[in-house]
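**Q** quick one: sequence and predicted model below, then my questions.
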Amino acid sequence: MNYDIIVIGAGPGGYVAAEKAAKAGKKTLLIEKERLGGICLNWGCIPTKALLKSAQAYHYAEKAVEYGVSIEGEVKPDFAKMVERSRGVADQMNKGVEFLMNKSGVEVMFGTAKLNKDKSVAVTMADGSQNTETADHIILAVGAHSRQLPNLPQDGKHIIGYREAMTLAEQPKSMVVVGSGAIGSEFAHFYQTIGTQVTLVEFMPTIVPNEDKEVASTLQRCMKKNGMKVYTATSVDKVEVVNDKCIVTLSGKKTETLECDVVLSAVGVETNLAGLGLEDAGVAFERGKVTVDDYYQTDVAGIYAIGDIVKGPALAHVASAEAVVCVNHILGRETTPVNYNNIPGCTYTTPEIASVGLSEDKAKEQGYEIKVGKFMFMASGKATAAGNRDGFVKIVLDAKTDMILGCSMIGDNVTEMIEEIVVARQMNLTGKQILSTVHPHPTMSEAVMEALNTCYM
């Protein structure tokens, strides 16, 4: 059957593209090999936040007496119930995407897609049967999967990836998490909070290595305060399974050996390009990324690519933004390319991390003369009342133009605060212009105003 647009992959890039195309009156086919919503909705962003919310609820129950609440009996986590709730949240969101596709008029086909030489799409169903579909435009949105390293061969039981970490049959007593990016740090925080002894191992000199160094230092201090062991500038040489235990050999300032129940490999992701037929279709790619222009057109007319498989950070909200630009371009509508210099990043540990633009160090490296404003949450009335005073807001300004070069936040609910800076940067607002607006009191968000205020004293 011939369609106007075929979208391959139903993650936050693919399903957004399909919905937008169908609403514009285009005959649209969405092909997905597993579940609508992709990794983000089913195995990533959403279910992990459900687990983290359960951990937070347990933490508050443990600390209830500090808030003037008495709880009779022992407070303890129910790991199985936490996992069950997380899967239920994912299922609910999956059904929401299914409803959205039906309402928008998107035809959905479950199977594995491959590009042919004539730009048609071969779809292999679960029962082995095959369909061949054609379209004027094809959008590739196939996403990525957990990277596997030779020294960390995942067996699904002792050495696991993020999927297994969300659905373990029972809570491990001890765990080594390799990699301290968003995935590694969030799982490390979850398991440590509910009682697993976690050791976090990071190859780079600081944890969350893409973040401001002061942010990383604050998070590491909070993790250690929570009982976690943290190693930086350390690599995992090998993992051996002996008597159902993992023997982990580390190399850093010294070589040492750890024993744990489970090793979680969180060392990044790899794109799902294998078997997609890019070579057959003549689509150029390099180092796991498809080559595209500002509107996600590949070098083959009519074939586009968005999300984790193209340039830019592998984030759900980036894929969705790319989907909008891509479909607008196909529809012939005026559209503005994604501004990759203004992408917010969030890590949902406790305390949370949020950032956008340049960190203080990166701004200096790029030769800017800067002013840095900083406000500690320990001076915030809202943070003090909530009992979560860790962290700060740091804003980096261009000293010559007063433009906002970047912002780094760590603290309670800062992932809900960063958008003020994202919008300000997009609209080319200066620090003084933001400072001139009235921020509500008491809120966590007034820390932005307070941080800026220190730049002009």
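**A** Cool, got the structure.
**Q** was I right about Leu278 contacting Lys114?
**A** No. Look at Leu278 against Lys114 with Cβ atoms under 8 Å: they stay out of range, at 9.6 Å. To be clear about C-beta, it is placed using only N, CA and C from the backbone, and glycine gets the same treatment.
**Q** span of stretch 36-53 from start to end?
**A** Distance between the boundary residues of stretch 36-53 (Cα to Cα, to the nearest Å) amounts to 23 Å.
**Q** oh sorry, the question was meant for stretch 193-212
**A** Note: stretch 193-212 ends 24 Å apart using Cα to Cα.
**Q** how about that stretch: buried residues?
**A** Neighbour-count burial for stretch 193-212, with 16 or more other Cβ atoms under 10 Å as criterion, is recorded at 193-203, 206-208, 210-212.
**Q** stretch 167-177 now?
**A** Counting neighbours by 16+ other Cβ under 10 Å, one finds that the buried residues in stretch 167-177 are 168, 171-172, 174-177.
**Q** filter these down to the ones in strands?
**A** Taking DSSP state E as the definition of strands, these contribute 174-177.
**Q** could you save these as TSV and add columns showing pLDDT and distance to Glu352?
**A** Below are these laid out as TSV (pLDDT from 0 to 100; distance: Cβ to Cβ, whole Å):
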residue	pLDDT	distance to Glu352
Ser174	98	26
Met175	98	22
Val176	98	24
Val177	98	18
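**Q** biggest helix in this protein, by residue count?
**A** For the chain, the helix reaching the highest residue count under DSSP state H is reported as helix 79-104.
**Q** from the middle of its chain, how far away would that one be?
**A** Between the centre of helix 79-104 and the centre of its host chain there is 18 Å, according to Cα atoms, centre = their mean, to the nearest Å.
**Q** got the domain boundaries for the chain?
**A** What automatic domain parsing lists as the domains of the chain is 2-146+270-340, 159-267, 351-453.
**Q** just the strands in the stretch 51-200 of the chain please.
**A** Listed in chain order, the strands found in the stretch 51-200 of the chain under DSSP state E, counting those that start in this stretch are 107-110, 112-115, 121-124, 130-140, 144-146, 159-160, 174-178, 197-201.
**Q** tell me which residues in the fifth one are buried?
**A** Of all the residues in strand 144-146, those buried under the rule 16+ other Cβ under 10 Å are 144-146.
**Q** direction included, what does that strand pair up with?
**A** Using DSSP bridges, strand 144-146 pairs in its sheet with strand 269-271 (antiparallel).
**Q** backbone dihedrals for the most centrally placed residue in the chain, please?
**A** Nearest to the geometric centre of the chain sits Leu315, at 5.2 Å (Cα atoms, centre = their mean). As for Leu315, its main-chain torsions (degrees, to the nearest 10) stand at phi -130, psi 150.
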